[in-house]
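In: Return a 3D structure for these sequence lines:
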Amino acid sequence: MKRIKYMAALAISLFLLNSCNTLDIENIYSYDAEKVWNDDKLATAFMTNLYANTFDNWSAGADANSEQINGIYFYPDRINTITSEFKNWNYTNIRLINEAIENVEAGTLTAETKTKLIAEAKFLRAYTYFGMVNYHGGVPYITKAQDKDVDDLFVTRNTTKECFDLIIKDLDEAIATLPNKISSSSSDYGRIDGTFAQAFKGKVLLYKASPMFNPNNQWDNAYWQEAYTANEAAYKKCIDNGSQLVADYGNIYLVENGPEVVFAVINQYPNKTAYWDSGTRPGSESRGNAWACPTWEFVTEFPMKDGKQYDDPTSKYNKTTDELLQSFWENRDPRFDKSIACNGSIYELSGKTGNRQYSALGIAHEMDDFGTNPNAKINSTNLNSATGLFIRKAVDITLKQAEVEQYDKDYNVMRFAEVMLNYAETANETGHMDIAWNMLKQIRLRAGIEPGTDGNYGIEATTKEEMREAILQERNIEFCFEGKRFWDLRRLRKLDRLNNTTKHGIEAIAINSDATEMDITTAKSKADANQLTEDDFRYVLHQIPFSGVKVNTLPEDKYYFFPIYQTSIDKNNNLEQNINWGGTFNPALD
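Out: From the prediction side, this is the model:
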């Protein structure tokens, strides 16, 4: 299949424009403008490099800032005005985008190429600015490539509302001329089309309506109707262009070019790879220890097979917390088994048929173990990093151990399930709860959850508030490990759920049929033969890191908008710092 490859490096040394033709051009920061902007292929190559600058790729640790995976992410004063963390000030990319728009318009490219590249550039500009506004609120919205010898560089910040208006203006202008939908069989697959642009517009307006941007009028502001209209249009456009949920949740990422993809970053070895498998696989099947591992806290959040929480007395799979700990893999939402690998579970990495993964101390490989069992007579070196669980979602089990850095599954920037849940959320807030119900039922049907006698798939929501919570819960599970959880809690002003919390891992200790502890030598022999299942262990919780540090301490109100980097303010004293960070700029809309 012909595909456009995004190059990871800032310089484009190889651009696959057709199936075997290559094209060398100069570095994007130092190039011959006369050549590039008068040549359709070179101009397209320049834009391709901007794609690489704009879109992220797989990140195994993307949810370390939530309860989903291990990691000491927040602690007092981690975020401040003088370090680069949680700053998004990407004016280098903005300049290149503005430069592209101006030069495409002035060059001698074909009319078709001009229309296409300008539309793509306007989308990329809107996408980049939205990232900055999401972090900081209003920023200077510059729409021309500034000349240091002519232009006043000491710009002020646009208000947050002005920024949203300009983002939507750029998106609307892009949507008007972008191709409606690019087929996965097209040589242009991987470039922006109108369907993705419309879906992204819906997401932008969902954020605009959110409590984060409207702290004083969180649920009744007029922006919710605007967001609903945009997300309804996005949903219908996706449907009209063939979008649908992939039948098997486990294949969303592993089977590329599927109907659930709205937009993907294209990876293909050796030109572009990602570090997903090397960060999630057990160390015994990777090039180093897994550094992104699910937590016990997240295990408890998965529903049971009937869609209800484990401690819901109306669930036919109801359990106490202690009972859940000893059988947490049983009768769960089927997405659990497709997202998480636990001790004793079948995990056929590197093509090893029937292989079971172990994490029990003295039984598992030393790179995989977790626990303190004294009878193992060894010490785990993973107590501050492992959890006894591994991410299974999106892992390419066909790769051999030596090949994990060749991981090249396409990264879905947006998939149809997100469009559906954005639509559900805005529908619920504007009096269309029936639509929200429909979206949730479709997603739970695909997940394999039992419908129940009432056909509600375990969802219990009779009020707007209850449906709001059901949608948030669904997003937590559906998009697990995809880097959305912290940002969902933040835009809904629910970071208190992470405040001053701890994380835990699960130690497995092998037992005999009478519940006595199994001799380690015997257990190791049985495990080597894949004879021990999940039921052949008892389970113990340990806080991670083992030192007992509180892992999430959030100064709540300060984290809803992050500070402008002090270095940027020092360079331009017309920039105001955000309120809550010592400044006077109000990043909210109300």
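In: After the lowest-mean-pLDDT helix or strand in the chain, heading C-terminal, what element do we hit next?
Out: Counting by mean pLDDT, DSSP states H and E, the chain has its least confident helix or strand at helix 556-559, which shows a mean of 82. Next along the chain after helix 556-559, taking DSSP states H and E as the criterion, comes helix 566-571.
In: Could I have the CA atoms of that next one written out in CSV?
Out: The C-alpha coordinates for helix 566-571 follow below in CSV (Å, rounded to 0.1, in the frame of the first residue of the first chain):
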residue,chain,number,x,y,z
GLN,A,566,9.2,32.7,33.2
THR,A,567,11.8,32.7,30.5
SER,A,568,9.2,33.6,28.0
ILE,A,569,8.0,36.5,30.2
ASP,A,570,11.6,37.7,30.7
LYS,A,571,12.0,37.9,26.9
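In: which helices and strands sit right next to it?
Out: Helix 566-571 sits against no helix or strand, with contacts defined as 3 or more Cβ pairs under 8 Å, 6 or more residues apart in numbering; DSSP states H and E. Quick note: C-beta positions are derived from backbone N, CA and C, even for glycine.
In: still on that earlier bit, can you pull the buried residues of the least confident helix or strand of the chain?
Out: By neighbour count on 16 or more other Cβ atoms under 10 Å, the buried set for helix 556-559 is K558, Y559.
In: so how far is that helix from its chain's centroid?
Out: Remark: helix 556-559 is offset 22 Å from the chain centroid, using Cα atoms, centre = their mean, to the nearest Å.
In: What of stretch 446-464?
Out: Centroid displacement of stretch 446-464 relative to its chain, using Cα atoms, centre = their mean, is 25 Å.
In: ditto for stretch 121-130
Out: The answer for stretch 121-130 is 19 Å, by Cα atoms, centre = their mean.
In: Would you mark the buried spots in that stretch?
Out: Buried, per 16+ other Cβ under 10 Å, within stretch 121-130: A121, K122, F123, L124, R125, A126, Y127, T128, Y129, F130.
In: The fifth one: what secondary structure?
Out: Meaning R125. The three-state assignment at R125 reads helix, by DSSP: H, G, I helix; E, B strand; the rest coil.
In: Apart from its neighbours in sequence, what residue is nearest it?
Out: Excluding its sequence neighbours, the residue lying closest to R125 (Cβ to Cβ, 6 or more residues apart in numbering) is I97, at 4.8 Å.
In: Please, which helix or strand holds the nearest residue in space to T567 that is not next to it in sequence?
Out: Nearest-residue entry for T567: I82, 7.9 Å, with adjacent residues in sequence omitted and distances by Cβ to Cβ, 6+ apart. Element membership for I82, per DSSP H and E: none, as it lies in no helix or strand.
In: I figured I82 was touching Q566, is that so?
Out: Yes. Using Cβ atoms under 8 Å, I82 makes contact with Q566 at a distance of 5.2 Å.
In: The two - which one has more neighbours?
Out: A count of neighbours by other Cβ atoms under 10 Å puts Q566 above the other of I82 and Q566, at 17 against 8.
In: since we're on the closest residue in space to that one that isn't next to it in sequence, how many residues are nearby?
Out: Excluding the flanking residues, the one nearest Q566 by Cβ to Cβ, 6+ apart is T81, at 4.3 Å. T81: 18 surrounding residues under other Cβ under 10 Å.
In: and T81, what are its phi and psi?
Out: phi -90, psi -10 (degrees, to the nearest 10).
In: now the residue lying closest to N530 once chain neighbours are set aside, which residues is it bridged with?
Out: Using Cβ to Cβ, 6+ apart and skipping residues adjacent in sequence, the residue nearest N530 is R356, 4.5 Å away. Note on R356: beta-bridge partners by DSSP bridges are I346.
In: Would you check that R356 makes contact with G344?
Out: Yes. Because the distance of 5.8 Å satisfies Cβ under 8 Å, R356 is recorded as touching G344.
In: what do these two both touch?
Out: Listed as contacting both R356 and G344 by Cβ atoms under 8 Å, 6 or more residues apart in numbering are L532, T533.
In: neighbour-wise, which of the two wins?
Out: G344 (24 against 19).
In: how close does the closest residue to that one other than its chain neighbours get to R287?
Out: Leaving aside its sequence neighbours, G344 sits nearest to E534 (Cβ to Cβ, 6+ apart; 3.9 Å). As judged by Cβ to Cβ, to the nearest Å, E534 and R287 stand 27 Å apart.
In: between those two, which one's more packed in?
Out: Between E534 and R287, counted using other Cβ under 10 Å, the more crowded position is E534 (18 against 13).
In: for the stretch 251-400 of the chain, what spans make up the strands?
Out: For the stretch 251-400 of the chain, the strands defined by DSSP state E, counting those that start in this stretch cover 261-265, 340-342, 389-391.
In: I would like the residues contacting the first one, please.
Out: Spelled out, it's strand 261-265. Contacts to strand 261-265, defined as Cβ under 8 Å, 6+ apart, come from residues 6, 51, 55-57, 184, 190, 192-193, 195-196, 199, 238, 243, 256, 410-416, 418-419.
In: Write the PyMOL selection for whichever of the residues you listed are buried.
Out: Those of the contacts of strand 261-265 that count as buried under 16+ other Cβ under 10 Å are selected in PyMOL with:
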select buried, resi 6+51+55+57+184+190+192+193+195+196+199+238+243+256+410+411+412+413+414+415+416+418+419
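In: what mean pLDDT does stretch 126-144 have?
Out: Averaging pLDDT along stretch 126-144 yields 98.
In: hmm, back to that, from T533, how far out is the residue nearest to N530?
Out: R356 is 7 Å from T533, where distance means Cβ to Cβ.
In: Thanks again, I'm all set now.
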